[in-house]
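1. Okay, here's the prediction I keep looking at, along with the sequence it came from:
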Amino acid sequence: MSIDLTEDTITKEVQSTFDGCPDPRTRELFVELVRHLHDFARETRLTDDEWVTAMDFLARVGQVTTPTRQEFVLLSDILGLSVLVDLINEHHGPHATDSTLLGPFFEDERPRVPNGADISGGLPGTPMFVTGRVLGPGGDPLAGVAVDTWHSDGEGHYDVQQEDRLHGQPAMRALLTTDGDGRFWYRSIAPRFYPVPVDGPCGEIMQAAGRSAMRPEHLHFRLHADGYRPLITMLFRRDDPYLDHDAVFAVKRSLVVDFAEHGPGTAPDGTEVGEPFQTVDWTFTLTPAARERRP
C-alpha cells in the first residue's frame, strides 16, 4: 500500500484494495462506489465540517431506523434512488402493469384471508370495496396468484404507526389468492394522502430543500405467481391533489385510477351499505419469468 497519498492518487489506491475480491460484481460495485464518492468530494470541495455533518446525519438515520420505521429506505425514496433502481430493472414488457416502489410499510407478518374479507381491522372510515383481476400477457386469467395489499387509514396512517391503538394487530393489509377467473376482492376503508415522516433526519432534508413531504392517496399491491415475474405496484387516486408532488417520485400515469364515490346502496359484493362508500376496480397483467439459460 502506498504512503504519502495525494488528492489525485488516493482514489486508485482505495480501489486497488478490492482487487482480491473473489466476486466480480461485488468488486465492481465497490470500485465504482469509491470512484463516485471521491469525485463528489473533489467536485464539491467538501469541507471538514460538512463531512462531520454528513457522518452525523447518517448515524442519526441509523438510530431512528426500527423494524417499523425504515429511515434508510425513506432516504433512498426521497432522493429518487428507489425509483431509479426500479426503472433500471423494470423489464416487464409493453403490456404488463407498471411496477413502482414497495415502500417502507410492507410487512411479512400479514393475515391470509379469503376473498370478500373485511381487512379494515375494525377501524372507522369510509367503506371501500376493491375488486381486481390478474391476467397473463395474452389476456388469460391467472388463478392462484398471491396478492398482497396494504394501505393507510383515512387519516394517512398505516397500522404499524398505530401501536398504541392497535397493539400490534394488523389492519388494512392482507394476503389474498385469485380464484379460477383470476379475480380477488376485499372490503376495507378508504386511505388518505399523507406526509412522509418528517420528524427525523430525512425531514431535515425536506425542510432544507423546501420540498413537499406529501404522498398522494394510494393502495399497495405485491403479486406473486409461479412462472411469472413478481409485480410490486400501487394504484393512485385520480383526483388526488398531490399526484404531481409525490415526495418519493413513484406516481406513473398508467397507475392512476378512479376511486369511485357512491351513495348508500348495494356494494360490489352484494351487501347493503347504509353510508357513502368507494369502489376501486383494476386489472393487473403479469409477465412470464425469464427462462434460465443453460450452459
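-> Here it is on my side, so go on. Numbering: from 1, shown residues only.
2. ok, which stretches of the stretch 151-295 of the chain are strands?
-> For the stretch 151-295 of the chain, the strands defined by DSSP state E, counting those that start in this stretch occupy 173-177, 183-189, 194-195, 214-215, 218-224, 231-237, 256-257, 260-262, 265-266, 272-273, 277-285.
3. Figure out which of these is closest to residue 97.
-> Evaluated with Cβ to Cβ, the strands of the stretch 151-295 of the chain place strand 277-285 nearest to residue 97, the distance being 4.7 Å. Any C-beta I mention is one placed from the backbone N, CA and C, and that applies to glycine too.
4. what helices or strands is the closest one leaning on?
-> Contacts defined by 3 or more Cβ pairs under 8 Å, 6 or more residues apart in numbering; DSSP states H and E place strand 277-285 against strand 127-135, strand 218-224, strand 231-237, strand 260-262.
5. And for residue 56, the neighbour number?
-> Burial of residue 56, expressed as a neighbour count using other Cβ atoms under 10 Å, amounts to 11.
6. i'd like the first residue to be 891 from this point on
-> Renumbered: residue one is now 891, and that last one reads residue 946.
7. That one falls within a helix, correct?
-> Yes: when classified by DSSP: H, G, I helix; E, B strand; the rest coil, residue 946 is found to be part of a helix.
8. Now do stretch 1095-1111: distance to the chain's middle.
-> Centroid displacement of stretch 1095-1111 relative to its chain, using Cα atoms, centre = their mean, to the nearest Å, is 13 Å.
9. Using CSV, list the CA coordinates for that stretch.
-> Extracted in CSV, the C-alpha atoms of stretch 1095-1111 (Å, rounded to 0.1, in the frame of the first residue of the first chain):
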residue,chain,number,x,y,z
ILE,A,1095,-33.6,17.3,4.0
MET,A,1096,-37.2,18.0,3.0
GLN,A,1097,-37.3,21.2,5.1
ALA,A,1098,-33.9,22.4,3.9
ALA,A,1099,-35.0,21.9,0.3
GLY,A,1100,-38.4,23.5,0.8
ARG,A,1101,-40.0,20.3,-0.7
SER,A,1102,-43.4,18.9,-0.2
ALA,A,1103,-43.4,15.9,2.1
MET,A,1104,-46.8,14.7,0.8
ARG,A,1105,-47.7,11.3,-0.8
PRO,A,1106,-50.9,11.1,-2.9
GLU,A,1107,-53.6,8.6,-1.8
HIS,A,1108,-52.8,5.1,-3.0
LEU,A,1109,-53.1,1.4,-2.5
HIS,A,1110,-50.1,-1.0,-2.4
PHE,A,1111,-50.1,-4.4,-4.2
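10. Quick check: buried residues in it?
-> Counting neighbours by 16 or more other Cβ atoms under 10 Å, one finds that the buried residues in stretch 1095-1111 are 1095-1096, 1103-1111.
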